[in-house]
Each structure stands twice: as C-alpha cells, then as structure tokens.
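Enquirer: Generate a structure from the sequence data that follows.
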Amino acid sequence: MKITQEKCNDVTVCNVEGEINITTSTELRKNFDALLRDKVNKVIVDLTAVSYIDSSGLATLIELFQRLKKTGGHMRFTGMSQKIRNIFEITKLHKLFEICDTREAALQNF
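Expert: Now for the predicted structure:
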C-alpha cells in the first residue's frame, strides 16, 4: 500500500493506493497518527486506487474516523470503485461515513 498526502486549502487529502488489509492497516494507522499529531482536522481519504479492503482495513478506518471525530475533526471518503462501495454498503458503513462521488464534491462546504 502507498499513501500520499496533499493539501487543498485547510483540507488534507490522503491518496491511498493498493490494498487495505491486515498487513497494511498498520501503515495506514501510522499515517493518521502523524496527521493527528499535526492537529489536522479535515481529512479526505481518496480510495480511487484501492483495489481491495478487508475487515481489518474497515476496522482501521472506523478507528481513525472515531479518533478524528473526538478531536473535533471530520473525515470524508471519495473515489470508491463500485466493488469498494458495495463493501461499505453491505457493512452499513455508508451510513457512518460521508462518501462523495468526486474529490470536488468532498472538498465542497467542508
């Protein structure tokens, strides 16, 4: 898995590439730990290049969402393939997370 970050005004966009699974979840968590230390409170997770996510990956995303929320932060998701979106819908996570179809929509009114 590869994670790159970019700033769009006061929003940090995390571009995730590859698989989010039990092996790579630790790397994702470390990346978000750094964001929290830097007091980042607006995060968009772009999943355009994510090909697979397992239950441990979903658990990590829930944990990161909750940690960010505790500090007054917000997280949105964008760029989900239909396969990834189906996983979020089957697990009802689409009701917990704010999912936007495009990066532009995610950045709007953040």
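
Enquirer: now the residue nearest the centre of the chain: how far from E98?
Expert: Nearest to the mean C-alpha position of the chain, by CA atoms, centre = their mean, lies V45 at 3.3 Å. According to CB to CB, to the nearest Å, V45 and E98 sit 11 Å apart. Using the backbone N, CA and C atoms, a C-beta is placed for each residue, glycine as well.

Enquirer: next one: Q82
Expert: Distance, Q82 to E98, by CB to CB: 18 Å.

Enquirer: Neighbour count for these two, which is higher?
Expert: Taking other CB atoms under 10 Å, Q82 and E98 do not tie; E98 has more neighbours (14 against 7).

Enquirer: what's the pLDDT at the nearest residue to that one once chain neighbours are set aside?
Expert: Leaving aside its sequence neighbours, E98 sits nearest to R76 (CB to CB, 6 or more residues apart in numbering; 4.6 Å). Model confidence at R76, given as pLDDT, is 97.

Enquirer: does R76 really touch F110, like I thought?
Expert: Yes. Contact criterion CB atoms under 8 Å: R76 and F110 qualify, at 7.2 Å.

Enquirer: hmm, back to that, pairing partners for the residue nearest to E98 in the sheet, please.
Expert: I44, E98 (DSSP bridges).

Enquirer: Determine the number of other residues adjacent to I3.
Expert: Using other CB under 10 Å, I3 has 17 other residues around it.

Enquirer: So it is in contact with L28, correct?
Expert: Yes. At 6.8 Å, I3 counts as touching L28 under the criterion of CB under 8 Å.
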